[in-house]
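Asks: Any chance you could fold what I've pasted below:
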Amino acid sequence: MIIQLEHNISDVQRATLAAKLDTIQYKTMEVSTQFGEYIVGVGKKEFDIRTIGTMAGIRDIHRVSDAYKLVSKKWKVDDTIIDLGDGLKIGGGNFEIMAGPCSIESEEQIENTINHLVKNGIRIMRGGVYKPRSSPYSFRGLGIDGLKLWYKKARAAGIKIITEVMMSEQIDDMLEYVDIFQVGARNSQNFNLLDALGKIDKPVMLKRGISGTIDELLQSAEYIFSNGNERILLCERGIRTYEKAYRNCMDINAIAILKEKTHLPVIADPSHGIGVRRFVESIALASIMAGADGVIFEAHQCPEKAFSDGQQTLNFDEADALFEKMKRTFKFKQNL
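Replies: Coordinates of the predicted model:
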C-alpha cells in the first residue's frame, strides 16, 4: 500500500492517520522526497482502502502488491521524467543519448570528445574518473581532479556529465561536478551507497548487477526512492551467463519488462551488454525498438589506445553513424 499525503497535511491529521493504520496492523514507513510525501504500508490484513483514502490530508491511496512499491507502475501509471535542466529530459517520450570514453584520461581527450559530441548534438557525456577494475593493476581513473577538469570543459560547452560513484564517501566531493551519478553493476546491491544516494537531489542511474535479476534491480532502486530521491534511471547492461562468445548477455527482454513493471526511465548500455565493438550498433538499435528511453555507449577518438575497454568502444566515425541511426530509429518507433 502507498498513501500519498497532501503537502499541507496537519499534525492532527497525521496522528489520526497513524492511529487508523495501527488498527489494521500494517507496518508503515514515512518517505519524504523532492516531489512528495508518502506512507508505505506492508501487511496482509484485508481492509476497505476507502476508509483511509477519504480521510483528511490524504491525496490518494493505492494497493501495490509488489515488494518494490515506490518504483512500481501499479501506483504511478505515468512515466517518470528526469529533468536535467536546459531542456534535457529523459523518460515520458523523451529520448537521450549519452556517449564518451570508458575512462577520463587527459585534458586533450576531454576536449576532443566534447567537440565530437557537440558536433552531433549530443548533450550528455559519459566517462569514469573512479574505475572499478577487475585487476588492481589496471588504470583506475584520475579521481576528483580529473572530474573538476572535465566539469570545467563540459560546462563551457553546455554538456552534462554522467560518471560513476563507487563509495558513499565520494558523494560530497563529487556532488557539485556531476549531473547524473552512475551506480555500476558491481555496486548495484551496495545498500549503504544506495541509501546515501537517496538523500541527495541529483539523478542516479542504477545499473543491473552482473548476475542480478530484474526484481533485484527494482529492489535496489527502491532503496534510493525510499530514502528520498525519486530521480532514478535504470540501466540494462547485460548479465553474466555461461556464454563465452561475448562479454555479457545483453537482456533486451529486460527493457520491455522493466517498462511494464516500473514508471522509471530505462537506459540501455550496449557497450557493456555485448562487449564487442562491431555489434554495439545493432544492440543499441534493438534496445530502442524494445522501448529504451536512452542509450549510453562508449566512444573514443582512438579505441586501440584507450586506457580501458577499447575492445567495446566505437571510434568517432562509428559513433557518428550510430548517433544518426539511433535518432532515426527513435523517430520511426514513435510513428509506429
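
Asks: Output the below-cut-off pLDDT ranges for this structure.
Replies: Within the chain, the segments meeting pLDDT under 70 span 133-134, 137-139.

Asks: for it, which helix is longest?
Replies: Secondary structure of the chain per DSSP state H: the longest helix is helix 316-334.

Asks: Can you give me the distance of the residue nearest to residue 293 when sequence neighbours are not counted to residue 189?
Replies: Distances taken as Cβ to Cβ, 6 or more residues apart in numbering place residue 265 nearest to residue 293, at 4.0 Å, with adjacent residues excluded. For glycine as for every other residue, the C-beta is placed from the backbone atoms N, C-alpha and C. Computed as Cβ to Cβ, to the nearest Å, the residue 265 to residue 189 distance reads 21 Å.

Asks: Pick out whichever of these two has more residues nearby.
Replies: Higher neighbour count among residue 265 and residue 189: residue 265, with 28 against 16, using other Cβ atoms under 10 Å.

Asks: Contacts only, for residue 24.
Replies: Residues near residue 24 by Cβ atoms under 8 Å, 6 or more residues apart in numbering: 43, 45, 47.

Asks: mind giving me JSON lines with these and columns for secondary structure and distance to residue 185?
Replies: Formatted as JSON lines, the contacts of residue 24 follow (DSSP: H, G, I helix; E, B strand; the rest coil; distance: Cβ to Cβ, whole Å):
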{"residue": "43", "secondary structure": "coil", "distance to residue 185": "34"}
{"residue": "45", "secondary structure": "coil", "distance to residue 185": "39"}
{"residue": "47", "secondary structure": "coil", "distance to residue 185": "40"}
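
Asks: between those residues, which is closest to residue 10?
Replies: residue 47 (23.5 Å; Cβ to Cβ).

Asks: List phi and psi for the residue nearest to the closest one when sequence neighbours are not counted.
Replies: The shortest distance from residue 47 to any non-neighbouring residue, by Cβ to Cβ, 6+ apart, is to residue 24 (4.8 Å). Dihedral pair for residue 24: phi -100, psi 0, per degrees, to the nearest 10.

Asks: what about residue 24, distance to residue 69?
Replies: The gap separating residue 24 from residue 69 is 16 Å, by Cβ to Cβ.

Asks: Quick check: residue 98 touching residue 299?
Replies: No - the pair residue 98 / residue 299 is not scored as a contact, 10.1 Å apart, by Cβ atoms under 8 Å.

Asks: Identify the residue nearest residue 147 in space, chain neighbours excluded?
Replies: Closest to residue 147 by Cβ to Cβ, 6+ apart is residue 129, at 4.5 Å.

Asks: residues in contact with that neighbour?
Replies: For residue 129, the contacting residues are 103, 104, 141, 142, 143, 144, 146, 147, 150, 163, 164, by Cβ under 8 Å, 6+ apart.

Asks: out of those, which are inside strands?
Replies: Among those, the residues falling in strands (DSSP state E) are 163, 164.

Asks: Dump the contacts of residue 129 into CSV; add distance to residue 201 as well.
Replies: As requested, the contacts of residue 129 are exported to CSV (distance: Cβ to Cβ, whole Å):
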residue, distance to residue 201
103, 27
104, 24
141, 25
142, 26
143, 24
144, 20
146, 24
147, 19
150, 21
163, 17
164, 19
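
Asks: ok, back up a step: my guess is the residue nearest to residue 293 contacts residue 80. True?
Replies: Yes - under the criterion of Cβ under 8 Å, residue 265 makes contact with residue 80 at 6.4 Å.

Asks: what touches both of those two?
Replies: With Cβ under 8 Å, 6+ apart, residue 265 and residue 80 have common neighbours 91, 92.

Asks: How much space separates the residue nearest to residue 47 from residue 173?
Replies: 45 Å.

Asks: Kindly report the same for residue 246.
Replies: Taken as Cβ to Cβ, the span from residue 246 to residue 173 is 36 Å.

Asks: Now do the domain split for the protein, please.
Replies: Residue ranges for the domains of the chain, per automatic domain parsing: 2-62, 82-334.

Asks: wait, which of these is closest to residue 74?
Replies: Nearest of the domains of the chain to residue 74, taken as Cβ to Cβ: domain 2-62 at 6.8 Å.

Asks: Now the terminal residues of the closest one, how far apart.
Replies: 5 Å (Cα to Cα, to the nearest Å).

Asks: returning to what we had before: which member of the contacts of residue 24 is positioned nearest residue 76?
Replies: Using Cβ to Cβ, those come closest to residue 76 at residue 43, 20.9 Å.

Asks: For the spatially closest residue to residue 325 that is not a sequence neighbour, give me its contacts.
Replies: Closest residue to residue 325 apart from its sequence neighbours, by Cβ to Cβ, 6+ apart: residue 285 at 6.2 Å. Residues near residue 285 by Cβ under 8 Å, 6+ apart: 325, 326, 329.

Asks: Can you give me the neighbour number for the second one?
Replies: Same thing as residue 326. 21.

Asks: same question, residue 73
Replies: Counted with other Cβ under 10 Å, residue 73 comes out at 18.
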